[in-house]
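Chemist: using only what follows, build the 3D model:
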Amino acid sequence: MVSVSGTADGTATRRKFWGWGLEGEGLAVSEIEQLGATFARRFGIDGGPVREPPRVDELDLRAPRLGAPASLEAAFSTDPYDRAAHTYGRSFRDLVRAFRRDYAHAPDLVAFPRGEGELVSVLEWCSGVGAAAIPFGGGSSVVGGVEPDVGGGYRGAVSVDLGHLAGVLEVDRTSRAARIAGGTLGPALEAQLKPHGLTLRHFPQSFEWSTLGGWIATRSGGHFATLHTHIDEFVEAVRVVTPRGVLQTRRLPGSGAGPSAERLFCGSEGTLGVITEAWMRVQPRPRFRAGASVYFAVFADAVEAARELAQSGLDPANCRLLGHDEALWSGSGDGSHSILVLGFESADHELGPWLARALEICASHRGEVREEAGDPAAVWRAAFLRGPHLRDGLVRLGLVHETFETAVTWDRFWEFHEGVLAAARRAVVQACGGGAVSCRFAYVYPDGPAPYYSVYAPGRPGRELEQWDEIKLAASEAILALGGTITHHHAVGRDHRRWYLREVPQLFTGALRGAKAELDPAGIMNPGVLLQPAGAVSYSHEGGR
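Modeler: Residues are numbered from 1 along each chain as shown. Purely as a prediction, here's the structure:
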């Protein structure tokens, strides 16, 4: 019942239940083998065979602990494919467990409500029977945000797929806003805005297989590297179905009337209710663009250029800095220079003066534009978009490849960066015997950057998950100890909860629990995300596990 699409020859295909994209898409076996040979040379290891992905008929899914109520039977599925497809997101941990054929936490039921009224009934039923309800948009979470691992305090788990609640529902050109259903996937959203000459212009790496509701619920980071970096900036109003009823905030360009109601649901990660619609601020499609790739022999010079650009008021749409290693591993450069990918765009005016001033700033920090160097920005962009398929391929080779991201103020950056890099690299050597950790700036602000780290390392057969967990633990502890945030845009989910609850004030945690108790008295909404699930063992402010 989920994500069936048409192909060019008219046949139907469906999404992979274990990995990224549609069945038949992704890297060919020959490409994966070539990739394996490259990594084997870099790591000085012998390449292994390409693993076969799991098939649904191989999975040992437990029998559903719940049966759908007769009044809603048409909205529910127990089909093994549907249950498998709603078990995991798309992180390295998810992929490794999928290849281990470990589907112990598959949902008992998958609900496909065909409208808001049916969604209300589904949540009422879940509350009544004590079943956990896990909202599911595109299933692209990389932090355990959609996994039905809810602890022992529930009679079962229901994944609530929002695929039927989709589409651009209304456009207000005068106010430049659009009412969009929460289950709308990125490509459909942009395609339906295009005839109006409008765009949301929010392109996370997961754009193809993530939804508006998911972006809002996880405070997604998008296209713009400065200024409007998060989806929050585009949210004008939200409509949310909670177990206590439907909540609709007002459309306003701005308000000082108390705490923002819609902001309560930005980042709520499905713990308070299901975002079914939102009025979003949209913009004219850009007509003018200007950009360049700037090379820096010294990473510190590139960092200073990025800081000055972030504080200049130029607000480039793209200001992403690839460190030496990141340029090498992404194929954007040879590793001898850091590369700043710089770009401006507008629907209103030419951008030559903006780019010229930005290049002046870069030149003052010994940055150089090399016309003969090709287009590293295009190479990096292609690698960025292919990233999820690449991760699938590396898992099939038994390699360890994952990322972690954060943000920190400029005054603390160097101590932070060197400490996090050292901790991650030590853990990579200890867990994997060697490997690489690279860094880029995904976003930059006047008060600090958002560093994004990538890990590449050889895996040990049957130990890849444990290897990554060791690296992740070391990196996360360093991030928190050195004053960064545990996540800038990947969200909290289940994977980051213990560090999130050490990052935020305890009084705030209590206030969040109070909001959840009011909106979700039975505690059924996405248990284990942000807060402990019902019946979980209590820890001292979730400081460990």
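
Chemist: can you list the buried residues in stretch 461-472?
Modeler: Buried residues in stretch 461-472, counted by 16 or more other Cβ atoms under 10 Å: E464, L465, Q467, W468, E470, I471, K472. C-beta here means a position set from N, CA and C on the backbone, and glycine is covered the same way.

Chemist: is it correct that the fourth one falls within a helix?
Modeler: Yes. Counting by DSSP: H, G, I helix; E, B strand; the rest coil, W468 is part of a helix.

Chemist: I'd say it and R93 touch.
Modeler: Yes. Look at W468 against R93 with Cβ atoms under 8 Å: they come within range, at 6.6 Å.

Chemist: common neighbours of the two, please.
Modeler: Residues touching both W468 and R93 (Cβ atoms under 8 Å, 6 or more residues apart in numbering): E402.

Chemist: follow-up on the earlier one: now tabulate the buried residues of stretch 461-472 in a markdown table and tack on distance to A478 and pLDDT.
Modeler: A markdown table is the format used below for the buried residues of stretch 461-472 (distance: Cβ to Cβ, whole Å; pLDDT from 0 to 100):
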| residue | distance to A478 | pLDDT |
| --- | --- | --- |
| E464 | 22 | 97 |
| L465 | 21 | 96 |
| Q467 | 17 | 98 |
| W468 | 16 | 98 |
| E470 | 13 | 98 |
| I471 | 11 | 98 |
| K472 | 11 | 98 |
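
Chemist: can you pick out the most distant pair from those?
Modeler: Maximum pairwise distance in the buried residues of stretch 461-472, criterion Cβ to Cβ, is 12.3 Å, between E464 and K472.

Chemist: follow-up on the earlier one: include distance to H230 when you put the buried residues of stretch 461-472 into CSV, please.
Modeler: Listed next are the buried residues of stretch 461-472 as CSV, based on distance: Cβ to Cβ, whole Å:
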residue, distance to H230
E464, 32
L465, 30
Q467, 32
W468, 27
E470, 31
I471, 27
K472, 23
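
Chemist: nearest to R83 among those?
Modeler: L465 (21.5 Å).

Chemist: roughly how far apart are that closest one and P53?
Modeler: Distance, L465 to P53, using Cβ to Cβ, to the nearest Å: 17 Å.

Chemist: same thing with A511?
Modeler: 44 Å.

Chemist: those two: which is more packed in?
Modeler: P53 (18 against 12; other Cβ atoms under 10 Å).

Chemist: hmm, the more buried one is touching G393, no?
Modeler: No. At 10.8 Å, P53 and G393 do not qualify as touching, with contact defined as Cβ under 8 Å.

Chemist: go ahead and confirm V246 touches I275.
Modeler: No. Between V246 and I275 there is no contact under Cβ under 8 Å: 11.3 Å.

Chemist: for this protein, which spans come out with low pLDDT?
Modeler: Counting by pLDDT under 70, the chain shows low-confidence ranges at 1-12, 372-374, 380, 534-545.

Chemist: tell me who's in contact with the residue most central in space within it.
Modeler: Central residue of the chain (Cα atoms, centre = their mean): H490, 4.3 Å from the mean position. Shown in contact with H490 (Cβ under 8 Å, 6+ apart): V142, V143, T218, F404, E405, H496.

Chemist: which SS state does the first one fall under?
Modeler: Taking three-state DSSP as the rule, one finds V142 in the coil state.

Chemist: and the helices in the stretch 301-450 of the chain?
Modeler: Using DSSP state H, counting those that start in this stretch, the helices of the stretch 301-450 of the chain run over residues 324-330, 352-363, 376-396, 413-432.

Chemist: pick the most deeply packed of these.
Modeler: Ranked by mean neighbour count, these are led by helix 324-330 with a mean of 22 (mean count of other Cβ atoms under 10 Å).

Chemist: export it to PDB, keeping only CA atoms.
Modeler: Taking C-alpha atoms only, helix 324-330 is exported to PDB below (Å, rounded to 0.1, in the frame of the first residue of the first chain):
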ATOM      1  CA  HIS A 324      40.700  19.300   2.600                       C
ATOM      2  CA  ASP A 325      39.600  15.700   3.400                       C
ATOM      3  CA  GLU A 326      35.900  16.400   2.600                       C
ATOM      4  CA  ALA A 327      36.900  17.700  -0.900                       C
ATOM      5  CA  LEU A 328      39.000  14.600  -1.400                       C
ATOM      6  CA  TRP A 329      36.400  12.000  -0.200                       C
ATOM      7  CA  SER A 330      33.600  13.700  -2.100                       C
END
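
Chemist: understood, closing this out.
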